[in-house]
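1. Give me coordinates for this.
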Amino acid sequence: MAAVSVTAQNVRLDDAEVATKWVDIGSGPGGAIQFDFFYQGSNSYARKGTTGIKGVALDDSLGTANTEDLSGAGTHDVVLMKYSTITPGLLELKSVPGIQLRVGSGSGAYYSYDVQGSDTYPVDKSWLVAAIAPSIVSHRDGTTGSPSLTVCDYYGMAQDQTGTSKDLNFALDAVDVGTGLTLVGGDGVSTDGVWQDLSDHDWGTVNNRYGYIRESEGAFIVYGTMIIGNATATVFQDNGSVLLFPEGLFPAGWSGIEVGLANATNDIDFISNIFVGQGTAAGEDTRPVVNVTGTTGTCDFIGCSFDNFSTIVLTSATNFTDCIVKDSAQITQAGSDITGCTLSGGTSAVQIVADDAALIADCSFTSGGTGHAIEITDAGAGPITINMSGNQFSGYAGTDGSTGNEAILINPATSSADITLNIVGGGNTPSIMEHASYTGTFTLVISPVTLTVKVTTTAGANIQNAMALVLVGDALNFPYDATVTATSSGTTATVTHTAHGLSSNDYVQITGANENNYNGSFQITVTGVNTYTYTMPGTGGSPATGTLKCTTVLIKGLTDVNGEISNTRSYGVNQIITGRVRKSTGSPYYKTSGIAGTVNKDSGATVNIQLIGDE
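-> Numbers count the residues shown, from 1 in each chain. Take a look at the predicted model:
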């Protein structure tokens, strides 16, 4: 199969190997092709600096004229300029400026960018890379004339010094426009792809050196988007690399990593990689992004670290395991497994937008001061049951509310869907905020266990459609034999039950009313901490008379094809249960059998009932 292949999403405007299209800015000693110092190829266009503005520029209107559309509508709307000064101590301050880059449609029509001065130029560096999107207004430091970004052909570097240098001391090299590099190939037989392959194609190939990725002091410096995989079979297995994504004058989303899962054999793994964004969220968000696309093949991030990222978008073919995400914005889950991760200092309203919240497990969330840890957007008309395991939340609002800093935001795709969130297998209790548009009923259950009633014949055959009714036998966890009052309007009964602690869709058994329609086992809708309603089989007088009692019903319904019916909820202490099972509404008929037992608060219970035939 195919070996690793790297291609550049790039257009080279000029390589500065000959002077045909290069001109000078300002008076004084003229510029020249310089072979003593260069970034790409074997030459640059250099000049000797003096006091006052001196510069060099690529004028693409000369020779074979060429223009680029850098208005933001084109594919390649970012200019990569490689510039150098070998005497940074002679520069004016950045605020003067010492070095100014220019992009526009002529020597009298350009936008300017004050990029360096003696106070900022890194003295341990010779060549620097600037990535400029001239369409971004907030990046500009000045405007000369009336630049037209649809016909850009002028790219300059102007330098202002405090004194005269002895020789040629500043230069521009190859000017490129583009978006980054793409790596495909590798198959587990041929050598798999690694980050070094991209650097070797760019910085490591002297006639390329676009400026997208280069190795420096044990780390890879990345501009633009590194695309790993697409419809071409790709295996990429990198362990332990460090990638830095510098600040720049580029648009939001231009810097980062894109993983393409459009081939079933794609196997892309980032293991113990460290990704550090150096951009800013202020104004134009120049922090890097991660964007996984496609759902064929696999992509694993294992033990990776992400610092100061804008967005991380995953898919259902992604595993995000034991990763650290710090001071970054939103992760879009999109069906991925997110396990054992540590997330802190989130900078957006939500750290993880979850469409399958049960797949987020054993993670640690620390609030950045505002925002939620998880937004639950699971789809379905409801009821939706989510079992969430082992997650820890710290620094969030201590109680449920609407401050915007609760640990979990309830915002399902269907706003009316009832949701039960079971916190199982460890983890602490999250605070909850329900989205303003949410109209369903939300129930939080801590450390739930399952009670199952299993019904068989004396010969061991499963009995389907047996009616099971299981009630609590004491008041340690739920209301038992509690005195209540009730009124009604039509067939709707309203029960006043002080501090009942029940949830909508729970069942209760009401007894003791003189008006028989109040009595029975009913599913309730909670209307307040002291009230709930249910629907009676007929109308009744109001208020109800007699001594009304309420007992919680744990299970009410018919057994399934396996002879089973279950209920999952949490218990503070072991729970005594009572009840009965019968099947008398259709042949074969069985005698009623009683239920008695105890639900263990840590492990639940399975109650096995054998029914004797009654025909």
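2. burial count for Asn505?
-> By other Cβ atoms under 10 Å, the residues close to Asn505 number 14. For the C-beta atoms, the positions are set from N, CA and C on the backbone; glycine is no exception.
3. Check whether it sits in a helix, strand or coil.
-> At Asn505, secondary structure determined by DSSP: H, G, I helix; E, B strand; the rest coil is coil.
4. Ile132 contacts Lys82, doesn't it?
-> No: Ile132 is beyond contact range of Lys82, at 12.0 Å (criterion: Cβ atoms under 8 Å).
5. pretty sure Thr456 is touching Gly613, no?
-> No: applying Cβ under 8 Å as the test, Thr456 and Gly613 come out as separate, 12.0 Å apart.
6. Tell me which of those two has more neighbours.
-> Counted by other Cβ under 10 Å, Thr456 and Gly613 do not tie: Thr456 has more neighbours, with 18 against 12.
7. Within its sheet, name the partner strands of the longest strand anywhere in the chain and how each one runs.
-> In the chain, taking DSSP state E as the definition, the longest strand is strand 170-184. Counting by DSSP bridges, the strands paired with strand 170-184 are strand 5-14 (antiparallel), strand 44-47 (antiparallel), strand 79-85 (antiparallel), strand 225-228 (parallel).
8. ok, and which of those has the densest surroundings?
-> Stretch with highest mean neighbour count among those: strand 44-47 (a mean of 28; mean count of other Cβ atoms under 10 Å).
9. can you list the domains in this structure?
-> The record's domain parsing of the chain by automatic domain parsing lists 10-176, 180-382+390-415, 449-611.
10. mind giving me a markdown table with these and columns for distance to Tyr438?
-> Shown next, in a markdown table, are these (distance: least, Cβ to Cβ, whole Å):
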| stretch | distance to Tyr438 |
| --- | --- |
| domain 10-176 | 36 |
| domain 180-382+390-415 | 5 |
| domain 449-611 | 13 |
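11. Adding mean pLDDT and distance to Ser437, write these out as CSV.
-> CSV is the format used below for these (pLDDT from 0 to 100; distance: least, Cβ to Cβ, whole Å):
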stretch, mean pLDDT, distance to Ser437
domain 10-176, 95, 33
domain 180-382+390-415, 95, 5
domain 449-611, 94, 18
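12. Can you say which of these is nearest to Phe442?
-> Closest to Phe442 of the domains of the chain, according to Cβ to Cβ: domain 180-382+390-415, at 5.2 Å.
13. Name the SS class of the residue positioned nearest the centre of the chain, please.
-> The residue lying closest to the centre of the chain (Cα atoms, centre = their mean) is Ile331, at 0.9 Å. Secondary structure, three-state DSSP: Ile331 is strand.
14. Next up, the contacts around it.
-> 311-314, 320, 325, 338, 343, 351-353 (Cβ atoms under 8 Å, 6 or more residues apart in numbering).
15. repeat that with 10 Å
-> 290, 306, 309, 311-314, 320, 323, 325, 338, 341, 343, 346, 348, 350-354, 360, 374 (Cβ atoms under 10 Å, 6 or more residues apart in numbering).
16. my guess is Gly425 contacts Ile446, does it?
-> No: in this structure Gly425 lies outside contact range of Ile446 using Cβ atoms under 10 Å: 11.4 Å.
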